[in-house]
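Student: Sequence first, predicted coordinates after that:
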Amino acid sequence: MIVAPGSKQAGELLAREGWTAELMAAGVNVSEATCGPCIGIGHVPASDSVSLRTFNRNFEGRSGIENDSVYLCSPQVAAAAALKGEIVDPRDLAEELGDMEPPGVELPEKYDGSKADIIEPDEAVDDDLIKGPNIGDVPLKDPLGPDIGGETLLKMEDNITTDHIIPATSDILKYRSNIDKLSEFTLSRVDETFAERAKASDHGVLVAGENYGQGSSREHAAMCPMYLGVEAVLAQSFARIHKANLFNFGLLPLTIDEATYDRIEQGDHIEVVDDVAAAVENGAEEFTIRVNDDWEATAQFDASEREREILAAGGKLTLTKQQYEEDSGGATPADD
Amino acid sequence: MGQTLTEKILDDHLVEGDLEPGEEIGIEIDQVLTQDTTGTMVWLQFEALELDEVQTELAAQYCDHQTYQFDFKNTDDHRFLRSAAGTYGAYFSRPGNGICHNVHKENFAAPGKTMLGSDSHTPTPGGLGELAIGAGGLDVAVAMGGGPYFVEMPEVVNVRLEGELPDWASAKDVILELLRRLSVKGGVGKVFEYTGPGVESLSVPERTTITNMGTELGATTSIFPTDERTKEYLDRQDRGEEYVELSPDEDAAYADEVVVDLSELEPLISCPSMPDNVVPVREVAGTDVEQVIVGSCTNGGYEDILPPPRRWSRAARFGRISR
């Protein structure tokens, strides 16, 4: 059994009260406070094994191994399983052992952990940015043009998570500040050849089922496809944060119905028939897509005025800079 | 017509739009949270926007995902983040100090504030009556520069809690029960606002377990009202003066209502490999387990870790752990 306190404050309190020693004596491994195992960094489960965790996500592969078998539960259920070696309802284990009391919830009298690891803004140790060799630039996109389309580089199923789009395992996570390198891993969990094919094709589209982009907030899941040349994502529905991120990086999110989704195949050439830049600006809520120059379907476009502006500018960074410049009459932004 | 708690906080921070579900609104952001895997891009974009200084009341940069620093690239990222926090005026939490949501809850989360964070579990402080929303890094950078955050006005769902949790059931089972009923898509475009007599039976750490994992429902955020339990928690964190009493109006109108009778809950478990694949623990009892981990931003608190060593008998503590 591994205990990873969520914070040093929690770890420090448990240590001060002697509980850490009790845990260690009982055979528990006590970790530093980290997200670590929740994103596949450390404590990766053995192959073909069950891992029981008190975490919030068990998306396939997130623990650091494909085809993992991760269960999520309360600390009470986790601790019961640690004793028994198998999943067991703690009520049944309590009856079996006869000496386990229900745990209840107790707050400490005082959360008096040290604040030594928080540096306040006015105690800053640096006043210049320090960038190592792995820290790159923010990729930018050109303003939206009239033509959008290309090969269907990948057709995906329902509930594709941001872990599928940009995996967060340790071998990949270290490139989060280096988009050129990070983009090589885009959608590799779905198709290892994707990044190479996307880069070679120069422009293309993604097709997905329901709830595309659920999971984390990572904007890299929009930034990297954009960097590789993806221009639009056609899905049956989108997760909220990811859809906002698609706009922010100038990618066109289009909603398609199930019949259209079923009919499109990976490799199909999809083009948006409309003049996209003009249609986005004019408030169009529907686009016509033409597939393989053979058949057509309607795709829905649900965007606010502001999102249309972002898309037209080629992304939110470019638009925001333009707005700052307008606000300050062309000069750099004011200091206030 | 009265207001929900969500509407009250949004109204206090509204800069653009109307509080109509589906309409885009712009809100002022009080607090910002970033972590190490999304934070570098946040600050690179802050720099690219040629901004000079953080404009929100508070910004905090945490280092929690890559704390082991097994590659110099991680350590370089942390050094860069420390330098960005210093340069632009944010709090900096060193690697190893804890998961952003936990450290933020302990040090900064405050009732009635709005927060934007570049992490999907940003809604955690909803357990203290803070309206906290996860967003992409660029949205966070722009908010930190003083710009409003734009979001589609969500529907507010009333999750009415009744009764009290029985022995061995926990706050985790409350959110697992909601996932079982509503699925990982059930919360899209929604805020889950917890009300009812069961609320006061839950301490702040239990409430934040629920709001943290509201993210798995796809919800925009989740929030609890504040009460004596909130004050109790803030007092013990030595931040009692930040307490504000917050609750929805009695005649608040909700888009939908879900009732959870806490007294009927039993230990639940989410099976591989989607958080909504939830069954009673007894249904999968007997499954051999090779690894057990207690921790995370959902259940990594003092209150979560304490029970095993404290409550179990000496025999259980010494020599009985088999995994």
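Tutor: Happy to help now that I have it.
Student: Residue A:69 contacts residue A:53, doesn't it?
Tutor: No. Residue A:69 is not in contact with residue A:53 according to CB atoms under 8 Å; the separation is 11.1 Å. C-beta here means a position set from N, CA and C on the backbone, and glycine is covered the same way.
Student: Settle it for me: which of these two has more neighbours?
Tutor: residue A:53 (28 against 21; other CB atoms under 10 Å in any protein chain shown).
Student: Now do the phi/psi pair for the more buried one.
Tutor: Main-chain dihedrals, residue A:53, degrees, to the nearest 10: phi -130, psi 150.
Student: where's it relative to chain B, distance?
Tutor: In this view, residue A:53 and chain B are 5 Å apart by CB to the nearest CB, to the nearest Å.
Student: and what of residue A:291?
Tutor: 27 Å.
Student: wait, doesn't that residue sit right on residue A:269?
Tutor: Yes. Under the criterion of CB under 8 Å, residue A:291 makes contact with residue A:269 at 7.1 Å.
Student: Residue 2 bridge partners, please.
Tutor: As the question left the chain open, I've gone with chain A. Taking DSSP bridges as the rule, residue A:2 bridges to residue A:29, residue B:293.
Student: Let me rephrase: I mean chain B.
Tutor: residue B:252.
Student: and it, what pLDDT?
Tutor: The model reports residue B:2 with a pLDDT of 96.
Student: Please give me every residue in contact with it.
Tutor: Applying CB atoms under 8 Å, 6 or more residues apart in numbering or on different chains, we find residue B:2 in contact with B:248, B:249, B:250, B:251, B:252, B:253.
Student: Next, the buried residues of the longest helix seen in chain B.
Tutor: If you go by DSSP state H, chain B has its longest helix at helix B:72-88. By neighbour count on 16 or more other CB atoms under 10 Å in any protein chain shown, the buried set for helix B:72-88 is B:73-88.
Student: quick revisit: closest one to residue A:75 out of the contacts of residue B:2, please.
Tutor: Lowest distance from residue A:75 to these (CB to CB) belongs to residue B:248, with 30.7 Å.
Student: Near the closest one, how many other residues are there?
Tutor: Close neighbours of residue B:248, defined as other CB under 10 Å, add up to 21.
Student: that older thread, name the residue in residue A:291 and residue A:269 with the higher neighbour count.
Tutor: Ranked by neighbour count (other CB under 10 Å), residue A:291 and residue A:269 place residue A:291 first, with 18 against 15.
Student: Quick check: the gap between that one and residue A:279.
Tutor: Per CB to CB, to the nearest Å, residue A:291 is found 18 Å from residue A:279.
Student: Find the closest residue to chain A in the stretch 151-300 of chain B.
Tutor: Across the stretch 151-300 of chain B, the shortest distance to chain A (CB to the nearest CB) belongs to residue B:300, at 2.6 Å.
Student: which ones are touching the spatially closest residue to that residue that is not a sequence neighbour?
Tutor: Excluding its sequence neighbours, the residue lying closest to residue B:300 (CB to CB, 6 or more residues apart in numbering or on different chains) is residue A:6, at 2.6 Å. Counting by CB under 8 Å, 6+ apart, residue A:6 touches A:33, B:98, B:99, B:101, B:102, B:295, B:296, B:297, B:299, B:300, B:301, B:304.
Student: quick one, what contacts the last one?
Tutor: Taking CB under 8 Å, 6+ apart as the contact definition, residue B:304 lies against A:6, A:54, A:75, B:205, B:209, B:294.
Student: just checking, the residue of the stretch 151-300 of chain B closest to chain A touches residue B:103?
Tutor: No. Contact criterion CB under 8 Å: residue B:300 and residue B:103 do not qualify, at 10.9 Å.
Student: what's the overlap in contacts for these two?
Tutor: By CB under 8 Å, 6+ apart, the residues touching both residue B:300 and residue B:103 are residue A:7.
Student: Show me which of those two is the more surrounded one.
Tutor: residue B:300 (34 against 28).
Student: residue contacts, that one?
Tutor: Taking CB under 8 Å, 6+ apart as the test, what residue B:300 contacts is A:4, A:5, A:6, A:7, A:10, A:33, A:54, B:99, B:102, B:294.
Student: Report the buried members of these.
Tutor: Looks like those have A:4, A:5, A:6, A:7, A:10, A:33, A:54, B:99, B:102, B:294 buried, using 16+ other CB under 10 Å.
Student: out of the residues you listed, which are inside strands?
Tutor: A:4, B:294 (DSSP state E).
Student: which one among the buried ones among the contacts of residue B:300 gets closest to residue B:276?
Tutor: residue A:54 (16.9 Å).
Student: what sits against that closest one?
Tutor: A:72-75, A:78, B:172, B:293-296, B:298-300, B:304.
Student: Determine whether any part of the lengthiest strand in chain B lies close to chain A.
Tutor: Taking DSSP E as the criterion, chain B has its longest strand at strand B:155-162. No. Applying CB under 8 Å from any CB of the partner chain, one finds strand B:155-162 separated from chain A by no less than 12.4 Å.
Student: What is the neighbour count of residue 17?
Tutor: Unless you meant another one, I'm taking chain A. Count around residue A:17 with other CB under 10 Å applied: 15.
Student: my bad, the chain I had in mind was chain B
Tutor: Quick note: residue B:17 (other CB under 10 Å) scores 19 neighbours.
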